[in-house]
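# Need the 3D shape of this:
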Amino acid sequence: MFATENSPQPIEHLPRRIATALLLILPIALLYARAGAEIAIGLIGALFLLHSIVTKDTAWLHSRFTWIAVAWWLWQVLASAVGTGGLGLALVAVRLPLLAIALRCWLLTTPDRRRHIQILISLAAGWIALECWQQYVFGTNVFGQPRWSDGALTGPFNRPRAGPELILLLFPVLVPIVARRSDQAPVLTRAASLGLAALATGTVLLIGQRMPSALLLLGLAVTCLMLPRLRLAVAGVALAGTLLLAAMPVIAPPAYDKLVVHTTDQLRHFATSPYGEIWVRAAVIARQNPWLGVGVNGFRRVCNNPAYVQGLPALGITTQDAQAAADACNIHPHNYYLEAAVDGGVPLLLLFAGMSTAAMIILAAGLRRKPDAHRVGLLVGAAVAFCPVASTSSFTAMPNAGWIFLLLGLGFATADAARLSNDHATPVVR
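Down below sits the predicted model:
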């Protein structure tokens, strides 16, 4: 069971204070200091384990998510130890689920701390969106950096990171704001909430990155499913997005070319598109190493091996197609599920799917009975993060991995608090 935080014993007081300080700087580090984010996440995990040992608090070990995450980690270690390498990366991968667990049952057990993290996440999302608009209107961001070479808005970054990060943060931030405002009577208040949602949708589309725009549609659909009272608002937002797309050839030609023209062409010839070539090569590697894969980060090490330059006849892709695939090799497979299959075979793929499913079960528990907008936003964010067909960064790479597990930890803690409030008893660990 996870109890809410009471007055800590002196022996655990300092580790908690240090970990809380690290947590408060984590959103900033995820924006601009990857190494700092890695250090903060690692220290939070180490301090949490120290706290557990000193206080003999092992309640977190009773969680289904914990055990699946531990199995996911251990299989990576085994696959890397006997595979082509990556053992060091496999050993430190445990830091990510440990962050979510530490937030759930140690650092975010009070409403104030959850509210502080929610504010910081909201500020991060707002900063990304603001800089995207500055770059769109004035040509450069606050650091004097222009659009990316393909026309994508980079926001406050020096490369196209704005879309993937904003779409992870958007729904956890926006859904509770819009839901709260839509429940209020004044017409202007409701109009303002719809305007904010439409502005956020427009920001994602104007950034000009395909996958964030596709995941935006997924997020809107899940929001409709979980919060029926927002269906009219979502319909309005979708209409605004459609009108914006129609106007893009005039107001944002680079974004239109990438979102519509290039996407249509790549879907018609997906197997020979850059992402298609990468995914086919990853599928061949996984098929030939079904039990232990090739070790963490193995895709970049073995991709050029002639043994894996093969087609997939079941999909109509010949060996000649694979040999002609100029863009088939990259630093990772650009899909979390294919990455798991390549790194650790079918077992790691199943464990990854199990870990993400266990996380979603925690986030969704009780929402049908009592649909809380804040919790729904966090659930939608997780659905966007774990979408099986998404093109992604490497799963354990910063900053996206940090955002995902930070949001999961906040979602877990919020779900536990809701269950405690509903049941008037210590919540059951899931």
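
# show me where pLDDT drops low in the stretch 251-400 of the chain?
Across the stretch 251-400 of the chain, the ranges flagged by pLDDT under 70 are 271.

# how about the helices in it?
253-256, 263-268, 274-288, 298-302, 319-323, 336-364, 373-385, 400-423 (DSSP state H, counting those that start in this stretch).

# out of these, deepest packed?
Among the helices of the stretch 251-400 of the chain, helix 373-385 has the highest mean neighbour count (mean count of other C-beta atoms under 10 Å), at a mean of 24. From N, CA and C alone the C-beta is placed, and that goes for glycine too.

# Just list what that helix packs against, helices and strands only.
helix 162-182, helix 210-226, helix 336-364, helix 400-423 (3 or more C-beta pairs under 8 Å, 6 or more residues apart in numbering; DSSP states H and E).

# Helix, strand, or coil at the closest residue to V178 other than its chain neighbours?
Leaving aside its sequence neighbours, V178 sits nearest to S193 (C-beta to C-beta, 6 or more residues apart in numbering; 4.6 Å). At S193 the chain is in helix, as set by DSSP: H, G, I helix; E, B strand; the rest coil.

# What's the separation between S193 and P146?
33 Å (C-beta to C-beta, to the nearest Å).

# So which of the two has more stuff around it?
Ranked by neighbour count (other C-beta atoms under 10 Å), S193 and P146 place S193 first, with 21 against 12.

# and the gap between that one and V175?
11 Å.

# L243 too?
As for L243, its distance to V175 is 22 Å (criterion: C-beta to C-beta).

# okay, the two: which has more neighbours?
Between L243 and V175, V175 has the larger neighbour count (other C-beta under 10 Å), namely 26 against 12.

# ok, and the closest non-adjacent residue to that one?
G377 (3.3 Å).

# which residues does the one you found contact?
When contacts are counted by C-beta atoms under 8 Å, 6 or more residues apart in numbering, G377 is found next to 171-176.

# what do you get if the cut-off is 6 Å, keeping everything else the same?
Shown in contact with G377 (C-beta atoms under 6 Å, 6 or more residues apart in numbering): 171-172, 175-176.

# that older thread, could you dump the helices and strands packed on helix 373-385 to CSV with distance to D327?
Listed next are the helices and strands packed on helix 373-385 as CSV, based on distance: least, C-beta to C-beta, whole Å:
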stretch, distance to D327
helix 162-182, 19
helix 210-226, 16
helix 336-364, 15
helix 400-423, 22
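
# nearest to L130, of these?
Closest approach to L130 among these is made by helix 162-182 (10.7 Å; C-beta to C-beta).

# what's the closest one packed up against?
helix 111-138, helix 187-207, helix 210-226, helix 373-385 (3 or more C-beta pairs under 6 Å, 6 or more residues apart in numbering; DSSP states H and E).

# most tightly surrounded among the ones you listed?
Taking mean count of other C-beta under 10 Å, helix 373-385 is the most buried of these, at a mean of 24.

# tilt between that one and helix 162-182?
160 degrees (axes from the mean of the first three to the mean of the last three C-alpha atoms, to 10 degrees).

# What would helix 373-385 look like as PDB? C-alpha coordinates only.
Provided in PDB are the C-alpha atoms of helix 373-385 (Å, rounded to 0.1, in the frame of the first residue of the first chain):
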ATOM      1  CA  ALA A 373     -10.100  15.700 -16.500                       C
ATOM      2  CA  HIS A 374      -6.600  16.000 -15.000                       C
ATOM      3  CA  ARG A 375      -6.200  12.200 -14.900                       C
ATOM      4  CA  VAL A 376      -7.700  11.900 -18.400                       C
ATOM      5  CA  GLY A 377      -5.100  14.300 -19.700                       C
ATOM      6  CA  LEU A 378      -2.300  12.200 -18.200                       C
ATOM      7  CA  LEU A 379      -3.800   9.000 -19.600                       C
ATOM      8  CA  VAL A 380      -4.100  10.600 -23.100                       C
ATOM      9  CA  GLY A 381      -0.400  11.700 -22.800                       C
ATOM     10  CA  ALA A 382       0.600   8.100 -22.100                       C
ATOM     11  CA  ALA A 383      -1.500   6.800 -25.000                       C
ATOM     12  CA  VAL A 384       0.300   9.200 -27.300                       C
ATOM     13  CA  ALA A 385       3.700   8.200 -25.900                       C
END
